[in-house]
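In: Next come a sequence and a model predicted from it.
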Amino acid sequence: MSDSAQNHATEEAHTGPIKNPKQLLTAVFFSFIVPILVIVGLVFFVVSGLKPSGAVQGEGMGLYGVSQDSRERDVGLRLAKVGSIEIRDANRPLATGEAVFKVQCVACHGTPGIPGAPHLNDAAAWGPRIGQGYATLLEHALKGKGAMPPQGGGDYEDVEIGRAVVYLANSGGAKFEEPQRPAPAEGAAAEGGAAPAAGTAAAPAAEGAAKPAQ
């Protein structure tokens, strides 16, 4: 091998893959620019995930370009208590059994309903259940039985659930009376009044009793 050929081979062995300025620029781009772009993209993704919902553009922009009202609303929702107290009007008219049925019971006990549940106007299915009595049927409705979840503690009072039970059972042949809201305890309106005289409560019961023979 000649000296020139040997020198050329030695130079190629000591040179890297970059042989011209274009290759150098390509290597610099992929070594520095691409990682920087990736980092910027990750930072933008993380910051955008921290934005509260309801971001708007315009006046009153706060942190992350979100309006102050929207930010305060989101903070309030995050700080809100998990539980809440619902105050109901104890004097509101009771819902009818049919109304409660159409809202809360029709999905299972209507037509077609679900298999195994006694449906409206199905006397054959309601017959054995009616024999258990209204109190048992109401307990099953309020606390649940089998696949039926408890119906008490929802949008309706227990007495309104009872009205739906009566509506369903009566459609199957029962003769249950529609329950009413319990009356307030006697004497509550006269709180602090004088106690009745002894023996007055028994007086009406003794009225009309036979007089002893003369």
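Out: Right, received. Where do you want to start?
In: Against Leu24, how distant is the closest residue to Lys143 other than its chain neighbours?
Out: Spatial nearest neighbour of Lys143, chain neighbours left out: Pro150 (5.3 Å); criterion: Cβ to Cβ, 6 or more residues apart in numbering. Where you see a C-beta, it was placed from the backbone N, CA and C, and this is true even at glycine. If you measure Pro150 against Leu24 using Cβ to Cβ, to the nearest Å, the figure is 76 Å.
In: Likewise for Asp158?
Out: Between Asp158 and Leu24 the computed distance is 83 Å (Cβ to Cβ).
In: Neighbour count: the two, which is higher?
Out: The residue with more neighbours, out of Asp158 and Leu24 and counting by other Cβ atoms under 10 Å, is Asp158; that gives 14 against 11.
In: you'd agree that one is up against Leu142?
Out: Yes - proximity of Asp158 to Leu142 meets the contact threshold set by Cβ atoms under 8 Å, at 5.9 Å.
In: Now list whatever residues contact both of those two.
Out: Counting by Cβ atoms under 8 Å, 6 or more residues apart in numbering, the common neighbours of Asp158 and Leu142 are Gly152.
In: hmm, back to that, which residues does the residue nearest to Lys143 contact?
Out: Contacts here follow Cβ under 8 Å, 6+ apart; on that basis Pro150 touches Leu142, Lys143, Gly144.
In: Got phi/psi on it?
Out: phi -60, psi 140 (degrees, to the nearest 10).
In: who touches stretch 160-178?
Out: With Cβ under 8 Å, 6+ apart as the contact definition, stretch 160-178 has outside contacts at 94-98, 100-101, 104-105, 109, 118, 120-123, 125-127, 129-130, 134, 137-138, 141-142, 151-152, 156, 179.
In: same deal with stretch 100-120?
Out: 125-126, 129, 146-148, 151, 154-156, 160-161, 163-164, 167-168, 171-172.
In: all helices of the protein, in order?
Out: Counting by DSSP state H, residue ranges of the helices within the chain are 3-14, 21-28, 34-49, 68-79, 97-100, 106-109, 123-130, 134-143, 158-171, 203-206.
In: So which of the ones you listed is nearest Pro184?
Out: Evaluated over the helices of the chain, closeness to Pro184 peaks at helix 158-171, with 14.1 Å, by Cβ to Cβ.
In: Convert the closest one to CSV, retaining C-alpha atoms only.
Out: Output of helix 158-171 as CSV, limited to C-alpha atoms (Å, rounded to 0.1, in the frame of the first residue of the first chain):
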residue,chain,number,x,y,z
ASP,A,158,-91.9,7.8,54.6
VAL,A,159,-95.6,8.4,54.6
GLU,A,160,-95.5,9.3,50.9
ILE,A,161,-93.6,6.0,50.1
GLY,A,162,-96.4,4.3,52.1
ARG,A,163,-99.0,6.0,49.8
ALA,A,164,-97.2,4.5,46.8
VAL,A,165,-97.2,1.1,48.5
VAL,A,166,-101.0,1.4,49.0
TYR,A,167,-101.5,2.6,45.4
LEU,A,168,-99.6,-0.5,44.0
ALA,A,169,-101.1,-3.0,46.4
ASN,A,170,-104.7,-1.7,45.9
SER,A,171,-104.2,-2.0,42.1
